[in-house]
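Peer 1: Sharing a sequence plus its predicted fold:
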Amino acid sequence: MATQFLNEVGVEIESLAPGGDAVGRQQGGAGARAADDGRATFVPLAAPGERVRARIEREKGKVAWAELVAIERPGPERIPAPCPLFGTCGGCQWQHVTAAAQQAAKRAIVERALAAPVREVIAASPPFGYRDRAKLAVGPGGTLGFRARRSHDLVDVPACPLFGPELARALPALRGTARGLAAGVELDVQAGNDGIHVNVTRADPTSAAHARREIDRLGAAGVVGLSLAGKPTLGKPDVDVAEPGSPPLRVPADGFAQVGRAGNAALVAAVMAAVGAPPGPGAVLELYAGSGNLTRHLVRGGATSVAACDGDPAAVARGARNVPEAAWSSRLPAGEADTVVLDPPREGADKAHLAAAARARRRVVYVSCDPQTLGRDARLLRAAGFEVTDAVALDLMPQTFHVETVATFDRAKPGAG
């Protein structure tokens with residue numbers, strides 16, 4: 001008990017932080033901990049404006065990481081989390097704070113990383129029921145769910161408030177199928193306008209055979225296609241994930257699509273507004289084009305030409321089928337474009353893609369899912385002669401720390417700055 005007491009500190013929580021924890025300053029402790037006053041401390045499940053007691057788990061320099069022990073003074077933004085698994089399941093981090101607090105935190109995180117103001121935070125998805133895709137894992141005894149918070153352990157998930165209606169309808173059948181699968185098997189699940197596609201990965205031969213036999217059960221729950229390790233096996237090889245009123249976009253469960261159709265509609269609108277701002281797009285080069293999500297709209301958005309590039313040959317093949325009007329390639333072009341649309345993965349753009357973007361004659365529209373790598377790449381674009389002229393943040397995934405950013409970089413005029 002004495003050791004545990006010495007490892008506990010009081011923390012005044014200041015804000016929500018990148019990665020999902022809250023962060024604040026230590027305000028004194030007992031015995032040896034008194035020397036740690038003022039140390040920045042990350043505490044998951046705490047809320048801004050709170051005083052909490054936390055148990056120190058690790059320290060590095062002037063930073064500490066802790067686990068919440070007790071809330072000594074609740075914050076004004078704290079609300080009851082609607083999901084009984086919140087805090088155990090690792091899928092959500094911020095169900096315990098208001099939507100306004102979540103969006104304010106996302107604005108602050110993006111502005112700090114980008115070193116530029118965010119014009120607007122767009123509530124792109126409804127607070128719950130927005131997910132059209134998920135990666136589920138099979139645990140011991142055929143349980144099915146998500147990884148636990150800060151752990152590789154599996155949390156059995158009988159229901160998820162983030163699931164859209166199609167995933168919610170299919171979940172009982174998926175859980176029934178999981179009872180015949182080996183622990184460690186994963187299910188990629190993608191809902192679309194024509195049903196649900198499922199991809200089974202890490203399956204041994206017995207699990208693979210069981211998944212094939214389950215197609216009737218899955219079909220009754222809306223599953224229209226099954227793949228094993230990315231190989232189409234039964235039914236449709238993909239589904240149409242297009243948002244309402246948009247051209248089709250066919251993607252398999254193991255391909256990339258945005259988390260939900262409502263959020264994607266807002267993202268597409270933000271990108272097209274940035275691309276179409278005066279003097280207009282001209283010739284467009286799209287990097288990390290994927291299966292053509294943005295490409296569908298770029299070819300209809302006033303560009304004189306659209307070249308789409310992605311390093312994944314399978315994505316390029318899908319993109320060419322989805323948007324044959326664009327010129328598709330798996331290699332970076334050597335020439336220049338008027339506008340470059342850059343939509344890299346979480347790791348940000350690599351040097352070659354950044355160099356290609358920096359050759360844009362007018363504008364780079366950077367679509368980011370990670371503020372930290374956006375900030376890094378923004379510094380490189382500034383060094384190449386661009387300036388941030390606009391930025392919007394999109395809350396595509398409420399209840400989590402994830403935030404999407406559409407940042408516009410225009411080539412600086414001679415003599416500016």
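Peer 2: Received, thanks. Numbers count the residues shown, from 1 in each chain.

Peer 1: So which residues of the stretch 301-417 of the chain form strands?
Peer 2: Applying DSSP state E, counting those that start in this stretch to the stretch 301-417 of the chain gives strands spanning 305-309, 327-329, 339-342, 363-368, 386-394, 404-411.

Peer 1: List the buried residues for the shortest one?
Peer 2: Buried residues in strand 327-329, counted by 16 or more other C-beta atoms under 10 Å: Trp328, Ser329. Any C-beta I mention is one placed from the backbone N, CA and C, and that applies to glycine too.

Peer 1: Leaving out sequence neighbours, find the closest residue to Pro252.
Peer 2: The shortest distance from Pro252 to any non-neighbouring residue, by C-beta to C-beta, 6 or more residues apart in numbering, is to Asp238 (4.2 Å).

Peer 1: Hmm, I typed the wrong one, I wanted Gly348.
Peer 2: Thr373 (3.0 Å).

Peer 1: Likewise for Glu50?
Peer 2: Distances taken as C-beta to C-beta, 6+ apart place Gly75 nearest to Glu50, at 3.9 Å, with adjacent residues excluded.

Peer 1: Surely the one you found is in contact with Val43?
Peer 2: No. Between Gly75 and Val43 there is no contact, the gap being 11.9 Å when judged by C-beta atoms under 8 Å.

Peer 1: okay, these two: which has more neighbours?
Peer 2: In terms of neighbours (other C-beta atoms under 10 Å), Val43 is the more surrounded of Gly75 and Val43; the figures are 26 against 18.

Peer 1: In this structure the more buried one contacts Ala54, no?
Peer 2: Yes. Between Val43 and Ala54 there is a contact at 4.8 Å, judged by C-beta under 8 Å.

Peer 1: Now the common contact residues for those two.
Peer 2: Residues touching both Val43 and Ala54 (C-beta atoms under 8 Å, 6 or more residues apart in numbering): Val11, Ala66, Glu67, Leu68.

Peer 1: Format the residues you listed as TSV; extra columns: distance to Lys60 and neighbour count.
Peer 2: Shown next, in TSV, are the shared contacts of Val43 and Ala54 (distance: C-beta to C-beta, whole Å; neighbours: other C-beta atoms under 10 Å):
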residue	distance to Lys60	neighbour count
Val11	16	30
Ala66	13	25
Glu67	16	14
Leu68	20	19
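
Peer 1: all helices of the stretch 251-400 of the chain, in order?
Peer 2: All helices of the stretch 251-400 of the chain, identified by DSSP state H, counting those that start in this stretch, fall at 261-276, 295-298, 313-322, 351-357, 371-383.

Peer 1: Mutual contacts of Gly75 and Val43, please.
Peer 2: Shared contacts of Gly75 and Val43, counting by C-beta under 8 Å, 6+ apart, come down to Ile13.

Peer 1: wait, what's in contact with the spatially closest residue to Ala378 that is not a sequence neighbour?
Peer 2: Once flanking residues are discounted, Ala378 sits nearest to Leu114: 5.6 Å by C-beta to C-beta, 6+ apart. Neighbour list for Leu114: Pro371, Leu374, Gly375, Ala378, Val388, Ala391, Thr405, Ala407 [criterion: C-beta under 8 Å, 6+ apart].

Peer 1: mind redoing it with 10 Å?
Peer 2: Going by C-beta atoms under 10 Å, 6 or more residues apart in numbering, Leu114 touches 366, 368, 371, 374-375, 377-379, 388, 391, 393, 405, 407.

Peer 1: same thing with Pro237?
Peer 2: Taking C-beta under 10 Å, 6+ apart as the test, what Pro237 contacts is His197, Gly225, Leu226, Ser227, Lys231, Arg250, Pro252, Ala253, Arg318.

Peer 1: elements contacting the helix or strand hosting His197?
Peer 2: Using DSSP states H and E, His197 falls within strand 195-201. Strand 195-201 makes packing contacts with strand 133-138, helix 165-178, strand 186-192, helix 205-213, helix 215-220, strand 223-228, strand 231-235, strand 239-240 when contacts are defined by 3 or more C-beta pairs under 10 Å, 6 or more residues apart in numbering; DSSP states H and E.

Peer 1: Next, count neighbours for Pro127.
Peer 2: 15.

Peer 1: what secondary structure does it sit in?
Peer 2: coil (DSSP: H, G, I helix; E, B strand; the rest coil).

Peer 1: now the closest residue to it other than its chain neighbours: how far from Glu404?
Peer 2: In this structure, Pro127 finds its nearest non-sequential neighbour in Pro398, 4.9 Å apart by C-beta to C-beta, 6+ apart. Distance, Pro398 to Glu404, using C-beta to C-beta, to the nearest Å: 12 Å.

Peer 1: any common contacting residues for these two?
Peer 2: Lys106, Ala124, Gly263.

Peer 1: one step back: if I read this right, the residue nearest to Pro127 contacts Tyr130, doesn't it?
Peer 2: Yes. In this structure Pro398 lies within contact range of Tyr130 using C-beta atoms under 10 Å: 7.2 Å.

Peer 1: joint contacts of those two?
Peer 2: Residues touching both Pro398 and Tyr130 (C-beta under 10 Å, 6+ apart) are Ala124, Leu162, Gly263.

Peer 1: between these, which is nearest Leu174?
Peer 2: Leu162 (15.2 Å; C-beta to C-beta).

Peer 1: Tell me how many other residues crowd that closest one.
Peer 2: Neighbour count of Leu162, defined by other C-beta under 10 Å: 24.

Peer 1: what sits against it?
Peer 2: The contact partners of Leu162, by C-beta under 10 Å, 6+ apart, come to 83, 91-92, 95, 125-131, 134, 168, 259-260, 397-400.

Peer 1: Give me the buried entries from the residues you listed.
Peer 2: 83, 91-92, 95, 125, 128-131, 134, 168, 259-260, 397-400.

Peer 1: quick one: buried residues of stretch 227-237?
Peer 2: For stretch 227-237, by 16+ other C-beta under 10 Å, it's Ser227, Leu228, Thr233, Leu234, Gly235, Lys236, Pro237.

Peer 1: and that stretch, C-alpha only, in CSV?
Peer 2: The C-alpha trace of stretch 227-237 is given here as CSV (Å, rounded to 0.1, in the frame of the first residue of the first chain):
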residue,chain,number,x,y,z
SER,A,227,-12.9,-13.2,-49.3
LEU,A,228,-10.2,-15.3,-47.7
ALA,A,229,-6.9,-13.4,-47.2
GLY,A,230,-8.0,-10.9,-49.9
LYS,A,231,-8.9,-13.5,-52.4
PRO,A,232,-12.6,-13.4,-53.5
THR,A,233,-14.1,-16.7,-52.6
LEU,A,234,-17.9,-16.5,-52.5
GLY,A,235,-20.4,-14.0,-53.8
LYS,A,236,-19.4,-10.4,-54.8
PRO,A,237,-15.7,-9.4,-54.7
